[in-house]
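Student: I would like to see how this sequence folds:
(one chain, ligands or ions: 1)
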Amino acid sequence: MQPEKKILLSEKEIPRQWYNIQADMPNKLLPPLHPATGKPVVPEDLMPIFPLELIRQEVSQERWIDIPDEVANKYRIWRPTPLIRAYELEKALDTPARIYYKYEGASPAGSHKANTSIPQAYYNKVAGIKRLATETGAGQWGSALSLACSFYDMECIVYMVKVSYRQKPYRRSFMQIYGAEVIASPSARTQAGRSVLAVAPDSPGSLGLAISEAVEEAAGREDTNYALGSVLNHVILHQTVIGLEAKKQMEKAGDYPDVVIGCCGGGSNFAGIAFPFLQDRFAGRNIRAVAVEPTACPSLTRGVFAYDYGDLGKLTPMMKMYTLGHNFMPSGIHAGGLRYHGESPLISQLYHDGYIEARAYNQTEVFEAAVGFAKAEGIVPAPESSHAVRGAIVEALQAREEGRAKTILFCLSGHGHFDMAAYDHYFSGQMEDTPCEETELAANLADLPKV
Ligand SMILES: *Cc1c(COP(=O)(O)O)cnc(C)c1O
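Tutor: Okay, the predicted model is just below:
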């Protein structure tokens, strides 16, 4: 028999603390700036929409932050997630590389996003908040927050980009099972929605607009806060459970990665798996971290490191990050979770400082990798996660060419069970690659705020 296929941990081995990379990163983050005044944001600015504990985590410089028992007890429903050795994929690729993946699709919501939706709902609950408002594009974040709100008996209001609302009716049903109210955005419920509907009644909506609607709802009601599924420091903090578990599992396997890979939208699953390993790198260990993005939305590989707004409507603070410009509209690729113009400030700073590498791949080669992976290993990956699969395969083929072993670890951030329309599109032969145009990029970058 082969050595272990699944490297499992017991519930007792769920991490009791999250890892805060802000304590160890060589160059600290520059502060977010208020969108109207251009002055550094102070906690009071965020208090209408976030609970104090999350604001504290956002700026904390402490290395380890305790995971409340209440949160750990919910994590136990699906954590620790398995670390799986991809023997069948290795065989199919005829590579000397050892490939491992951490399977976050094991969560009830189907992706890693539940790692942060649970603590976010929990901290809001203990702060006396009754309702959470959020946006969702592809539907994964809305699903994870709906789940968390149902656990803590809170109302959940999800502004779902109208085109997704129509195209993904089962995502909507999924959120409704957990009791969420799902609203197609733009909607008539908010000023932001009404002003768009007045000029474009048939608007398909956008993530930037749905954010504006959710923030408006949260800011306007005492009992309601806002929750974000990626990008922010506290979100990334919560996701480090992925990498902390993976470190213990690699140790159990008697191995250690040469390279850690994750797909990168706002950056939370990539950071979640990679940051605990980067801690070793700061201590002198040799390990590479590779973020994989779509060529249609290449924030790291083709963006600039600058202050920019987080949304189209310029309601969010300006953050120093790799960005394609807040007006950037990526083409309609299937990996909806990777269609964000910016990048987490933590990842941006570390990429700028040379601790992270980035690659961009086309949609068709990503789906080709996804289908090959599913045939070998059995799990159907989400289109987003398939970018990481592609990244791992490229590394494994390189190892074959060089004729030397190496250890590859990647994050399989979610399953693709709700994405059959995307797979249908791939099999139809009609799928196209739409790398972003240089002229469009230049036009958007010319529009960055001057700070
Ligand atoms: C949302 C999502 C992503 C992209 O978000 P990150 O913050 O970059 O992790 C990737 N994979 C899946 C399955 C998602 O749901």
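
Student: okay, CA-based contacts and neighbour counts for the rest of this
Tutor: Noted.

Student: what does this structure put close to the ligand?
Tutor: For the chain, the contact set with the ligand under Cα under 6 Å from any ligand atom comprises 111, 140, 230, 264-270, 337-338, 382, 384-385, 413-414.

Student: go through the residues you listed and flag which are in helices.
Tutor: Judged by DSSP state H, these include 140, 268-270, 385 as members of helices.

Student: just put those residues in a markdown table and tack on neighbour count and pLDDT.
Tutor: As requested, these are exported to a markdown table (neighbours: other Cα atoms under 10 Å; pLDDT from 0 to 100):
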| residue | neighbour count | pLDDT |
| --- | --- | --- |
| Gln140 | 23 | 96 |
| Ser268 | 32 | 98 |
| Asn269 | 33 | 98 |
| Phe270 | 30 | 98 |
| Ser385 | 30 | 98 |
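
Student: most widely separated two among the residues you listed?
Tutor: Greatest spatial distance in those: Gln140 and Phe270, 16.1 Å, computed using Cα to Cα.

Student: show me what contacts Ser331?
Tutor: 296, 434, 436 (Cα atoms under 8 Å, 6 or more residues apart in numbering).

Student: swap the cut-off to 7 Å and go again
Tutor: Shown in contact with Ser331 (Cα atoms under 7 Å, 6 or more residues apart in numbering): 296, 434.

Student: any idea of the pLDDT on it?
Tutor: Ser331 carries a pLDDT score of 81 in this model.

Student: by contact count, what packs against the longest helix seen in the chain?
Tutor: Ranked by number of residues, the top helix in the chain under DSSP H is helix 233-252. On a contact count with 3 or more Cα pairs under 7 Å, 6 or more residues apart in numbering; DSSP states H and E, helix 233-252 meets strand 17-19, helix 52-59, helix 114-126, helix 268-282.

Student: to Tyr75, which of those lies closest?
Tutor: Using Cα to Cα, the helices and strands packed on helix 233-252 put helix 114-126 closest to Tyr75, at 7.3 Å.

Student: now the closest one - C-alpha only, PDB.
Tutor: Taking C-alpha atoms only, helix 114-126 is exported to PDB below (Å, rounded to 0.1, in the frame of the first residue of the first chain):
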ATOM      1  CA  ALA A 114     -17.000  29.800   6.300                       C
ATOM      2  CA  ASN A 115     -13.700  30.100   8.100                       C
ATOM      3  CA  THR A 116     -14.300  33.800   8.400                       C
ATOM      4  CA  SER A 117     -18.100  34.100   8.200                       C
ATOM      5  CA  ILE A 118     -18.400  32.200  11.500                       C
ATOM      6  CA  PRO A 119     -16.200  34.400  13.600                       C
ATOM      7  CA  GLN A 120     -17.600  37.600  11.900                       C
ATOM      8  CA  ALA A 121     -21.100  36.600  12.800                       C
ATOM      9  CA  TYR A 122     -20.000  35.600  16.300                       C
ATOM     10  CA  TYR A 123     -18.300  38.900  17.100                       C
ATOM     11  CA  ASN A 124     -21.300  40.900  15.700                       C
ATOM     12  CA  LYS A 125     -23.600  38.700  17.800                       C
ATOM     13  CA  VAL A 126     -21.800  39.400  21.100                       C
END
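
Student: just checking, what packs against that helix?
Tutor: Packed against helix 114-126 by the contact rule (3+ Cα pairs under 7 Å, 6+ apart) you find helix 140-151, helix 233-252.

Student: burial of the residue of the stretch 101-250 of the chain found nearest the ligand, as a residue count?
Tutor: Residue nearest to the ligand within the stretch 101-250 of the chain (Cα to the nearest ligand atom): Ser230, separated by 4.3 Å. Residues near Ser230, counting by other Cα atoms under 10 Å, number 21.

Student: buried by neighbour count: which residues of stretch 208-224 qualify?
Tutor: Across stretch 208-224, burial judged by 16 or more other Cα atoms under 10 Å covers 208-219, 223-224.

Student: what pLDDT does the model give Pro15?
Tutor: On the pLDDT scale, Pro15 gets 98.

Student: same deal with Glu58?
Tutor: If you check Glu58, the pLDDT there is 97.

Student: ok, Leu132 next?
Tutor: Per-residue pLDDT puts Leu132 at 98.

Student: and if you look at Tyr340?
Tutor: 87.

Student: ok, it - contacts?
Tutor: Tyr340 is in contact with 265-266, counting by Cα under 7 Å, 6+ apart.

Student: and it, which of the three is it?
Tutor: Following DSSP: H, G, I helix; E, B strand; the rest coil, Tyr340 is assigned to coil.

Student: about what we covered before: can you add pLDDT and give the buried residues of stretch 208-224 back as a markdown table?
Tutor: What follows is the buried residues of stretch 208-224, written out as a markdown table (pLDDT from 0 to 100):
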| residue | pLDDT |
| --- | --- |
| Gly208 | 81 |
| Leu209 | 85 |
| Ala210 | 91 |
| Ile211 | 90 |
| Ser212 | 89 |
| Glu213 | 93 |
| Ala214 | 95 |
| Val215 | 92 |
| Glu216 | 92 |
| Glu217 | 94 |
| Ala218 | 95 |
| Ala219 | 91 |
| Asp223 | 97 |
| Thr224 | 98 |
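
Student: and the furthest pair within these?
Tutor: Using Cα to Cα, the buried residues of stretch 208-224 reach their maximum pairwise distance at Gly208 and Asp223, which is 23.4 Å.

Student: which element is Tyr100 on?
Tutor: Per DSSP states H and E: Tyr100 is located in strand 98-103.

Student: give the bridge partners for the residue of the stretch 301-450 of the chain found nearest the ligand, please.
Tutor: Taking Cα to the nearest ligand atom, the ligand has its nearest neighbour within the stretch 301-450 of the chain at Gly414, 3.8 Å off. Counting by DSSP bridges, Gly414 is bridged to Ser111.

Student: how close does it sit to Ala198?
Tutor: Noted for Gly414: a distance of 37 Å to Ala198, by Cα to Cα, to the nearest Å.

Student: the more surrounded of these two?
Tutor: Set side by side, Gly414 and Ala198 show more neighbours around Gly414, with 26 against 11, by other Cα under 10 Å.
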